[in-house]
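Student: my questions are about this predicted structure, shown below with the sequence.
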Amino acid sequence: MRFRELHTTTLRSWRNRTRTHAQSATPPLPPPKNPDLVIEPPTNKPLSKPRSNRFTDSDIVKCNISITDHMRKGECDAALRLFNSMPRKSTVSYNTVISGYLANGNFKLAQQVFDQMPRKNLVTCNIMISGNIKFKNLGAARRLFDEMPVKDVVSWNAILSGYAQNGFVDEAGRVFDEMPEKNEISWNGILAAYVQNGKIEDARRLFESKEQWALVSWNCLMGGYLKKKRLVEARQIFDRMPRRDMVSWNTLITCYAQNGKMEESRKLFEESPIRDVFTWTAMVSGYIQNGQLDDARRVFDEMPEKNVISWNAMIAGYVQSKNIDLAAELFEAMPCRNISSWNTMITGYAQNGDISRARNLFDRMPHRDCISWAAIIAGYIQNDDCEEALKMFIVMIRDGERLNRSTFTCVLSTCADIAAFELGKQIHGLAVKAGFEVGCYVGNALLSMYCRCGSIKEAYEVFNRIEDKDVVSWNTIITGYARHGFGEEALKHFESMKQAGVQPDDVTMVGVLSACSHTGLVDKGRYNFYSMSQDYGIVANSKHYTCLIDLLGRAGHLDEAQNLMKSMPFEPDAATWGALLGASRIHGNTELGEKAAKMIFALEPWNSGMYVLLSNLYAASGRWVDVNKMRLRMRDTGVSKVPGYSWVEVQNKIHTFSVGDFTHADSDKIHAFLEELDLKMKEGGFISSTKLVLHDVEEEEKQHMLMYHSEKLAVAYGIMKIPGGRPVRVFKNLRVCEDCHTAIKHIAKIVGRSIILRDPNRFHHFEGGVCNCGDYW
């Protein structure tokens, strides 16, 4: 049968025949139950007499050499054609083709050749064991190993290596113990397995059980101690070494430097009998990591030779210390640059706020990688240009560049910042295709994006798919439920977090206390605040105090909130006083509100939000003279009210509205629709909250002013343009006003739509005429 037919012909697979699992630790093993499986041990006997005098043994050897050459060049088809043209084939011919396919990443074809071999020898099986291990088929490798009637040390080393590479250290140890014969590869292999998997004590016991070790093994054990930051034991191994090579010196010098022991690192550097460019670079990097930039530059200038890594290390040091001019000077002086050099400078310019020079460098790059794209995208995000960041991401995709985890994280964060929900979902799809969804790094970014874009249901689905949840994962879902007003769900996840063995941190407790605050869970809030120090070792900071004061204030416990402020171990900040001012507004306590506002103005005289909050309190009490005084005070101190605006995403485009906005292309239709809704709302009993208008004008004019608030315009446009059955998601930069909150409840009932509104404090989910906050906000 010509070999080309092997690609399409399905024959009995040798792998699937009856298998024998060897129980004995040492050969000879019982013969295999499969009578067709015959494995020839290596032999020096000449090949059988050729069928054709014209195709000699020498011709077979020449063909095998040519097949090897084709495979090394990646010319698998040419190798196959030559193989098929051979009138006679030796076992070496088959082994050569199998090895070639494995080297070129085609396990399937290698397996087909193996299955069709008329006779297999020991080398054949060893090749396939290694191939199965390389392609993560450890079970198949073990089955083949067990079926082999004859094994050599190569067979044993291969299966030992397979277990070690896949983290099955105990199984690797058992294989090692069962080996009838061991060589240096066996000993070094099991030692490396223990070290790489953190079993340093087992590695040490093994090491002490044998007197003679190769230098690579000494370096391996020393590296294991260094990885565990056990520098004393590592130095003991170093001092015991019968001889040392460059790796020994460089490893210890580097580790001392990385652990802040620059004096020990310097002494070793001076003692080192020979130094290469890596030794010098280790010293430069060590000084940089320990903030000794002048010493790093001195060593850099003394280097007898420098490579691109040396230059990049020094440039990165200047970038990290914000000395971008010296970094640029070195960058321009570099005799040769690699992509990392360009990426470091792009990052440096972006972090220093010079995004135009960062972009100029990016455009000049001879070659780019995914890190280059991630750097420029992150740069735009850091400089608050989210729109350009997303444009660059789209260009990146069009250019066919591979997306890495950093890129996904950056753009998902941008989508969360501007609430670009639809675009975020599309990026989610790309993350799934790239295989990043279930990992913590991208998974947490997806989780945050859905939470901040108003889809807590999809956030929960992403959370469940993250395989190894870390504290950030738990904090994000807890905080997400809290901001969406689902306090009980947040607390359930807090309990699940503890059951999963994840230790809560200070961020966790802010989320927990915030959940209690948004839903009025006073007793649970008190308990978690006062128990977190004893239960989790968390010392309350200003955020924790602010959350509890906000909780107590909202619930009407104003005296308790004030007493808590007095007991704080540090001075209350503006946010803490702001919580008390907000509670004063809710409960109409003007005296307490004025006290809180006075403290805020002393701490943050530019905080326009607090002026507005106190003005609202005065307006609700009919104190128009004081409202005017607030307005004059803002003018005199140069404080401008932050303009309120709302936005909604429609077909991947963000539509922004301000109060009374007539700039939108569909303004006439939007206003007409709002007026129609207003009539229906009034028929349903809606009454405008005109007390919130900070102007002493007629009632009708107040109602007109309230009708065209930015969130109402955005909601109306979303209802008009977003297909029915899908939620309307609206986002506002300032706190939603009471009148709009009431109006949107009526609108949701009238149009039969789910409306989700996010302001800086929380989400409101409107449906069927009610809000999930229960008017507790």
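Tutor: Arrived safely, thanks for sending.
Student: low-confidence regions, the chain specifically.
Tutor: 1-53, 690-705 (pLDDT under 70).
Student: what segments of it are strands?
Tutor: 39-40, 120-121, 645-650, 653-658, 728-732, 755-758, 763-767, 770-771 (DSSP state E).
Student: between these, which one is closest to residue 308.
Tutor: Residue 308 lies closest to strand 653-658 among those, at 42.5 Å (Cβ to Cβ). To be clear about C-beta, it is placed using only N, CA and C from the backbone, and glycine gets the same treatment.
Student: neighbouring strands of that closest one in the sheet, and parallel or not?
Tutor: The sheet places strand 653-658 alongside strand 645-650 (antiparallel), with pairing taken from DSSP bridges.
Student: buried residues, the partner strand. List them.
Tutor: For strand 645-650, the neighbour count (16 or more other Cβ atoms under 10 Å) marks 645-649 as buried.
Student: check stretch 337-347 too.
Tutor: Using 16+ other Cβ under 10 Å as the test for burial, stretch 337-347 gives 337, 340-347.
Student: and what of stretch 130-140?
Tutor: Neighbour-count burial for stretch 130-140 flags 130-133, 135, 137-138, 140 (criterion: 16+ other Cβ under 10 Å).
Student: ok, now stretch 454-466?
Tutor: Quick answer for stretch 454-466 (16+ other Cβ under 10 Å): 454-456, 458-460, 462-463, 466.
Student: do the same with stretch 762-775
Tutor: In stretch 762-775, the ones that count as buried by 16+ other Cβ under 10 Å are 762-767, 771-773.
Student: of all those, which two lie farthest apart?
Tutor: The largest separation in the buried residues of stretch 762-775, counting by Cβ to Cβ, is between 762 and 767 at 16.1 Å.
Student: for the residue sitting nearest the centre point of the chain, which non-adjacent residue is closest in space?
Tutor: The structure's the chain has its C-alpha centroid closest to residue 441; by Cα atoms, centre = their mean the separation is 1.6 Å. Once flanking residues are discounted, residue 441 sits nearest to residue 405: 4.8 Å by Cβ to Cβ, 6 or more residues apart in numbering.
Student: so how far is residue 88 from that neighbour?
Tutor: 53 Å (Cβ to Cβ, to the nearest Å).
Student: repeat for residue 114
Tutor: From residue 114 to residue 88 the distance is 19 Å (Cβ to Cβ).
Student: neighbour-wise, which of those two wins?
Tutor: The residue with more neighbours, out of residue 114 and residue 88, is residue 114; 24 against 16, by other Cβ atoms under 10 Å.
Student: residue contacts, the more buried one?
Tutor: Neighbour list for residue 114: 14, 94, 98, 120, 124, 128 [criterion: Cβ atoms under 8 Å, 6 or more residues apart in numbering].
Student: contacts only, for the residue nearest to residue 74 when sequence neighbours are not counted.
Tutor: Counting by Cβ to Cβ, 6+ apart, residue 74 lies nearest to residue 104, which is 5.9 Å off, once chain neighbours are set aside. By Cβ under 8 Å, 6+ apart, the contact list for residue 104 reads 71, 74, 76.
Student: residue 315 now?
Tutor: 327, 330-331, 341, 344-345, 348.
Student: ok, now residue 426?
Tutor: Counted by Cβ under 8 Å, 6+ apart, residue 426 has contacts residue 652.
Student: go on, residue 136?
Tutor: Residue 136 neighbours (Cβ under 8 Å, 6+ apart): residue 166.
Student: can you check residue 642 too?
Tutor: Residue 642 neighbours (Cβ under 8 Å, 6+ apart): 608-609, 733-734.
Student: returning to that earlier point: closest one of the buried residues of stretch 454-466 to residue 247?
Tutor: For the buried residues of stretch 454-466, the nearest to residue 247 is residue 466 (38.3 Å; Cβ to Cβ).
Student: could you find the closest non-adjacent residue to the closest one?
Tutor: Per Cβ to Cβ, 6+ apart, closest to residue 466 is residue 443, 3.9 Å.
Student: and that neighbour, how many neighbours?
Tutor: Using other Cβ under 10 Å: residue 443 sits among 25 other residues.
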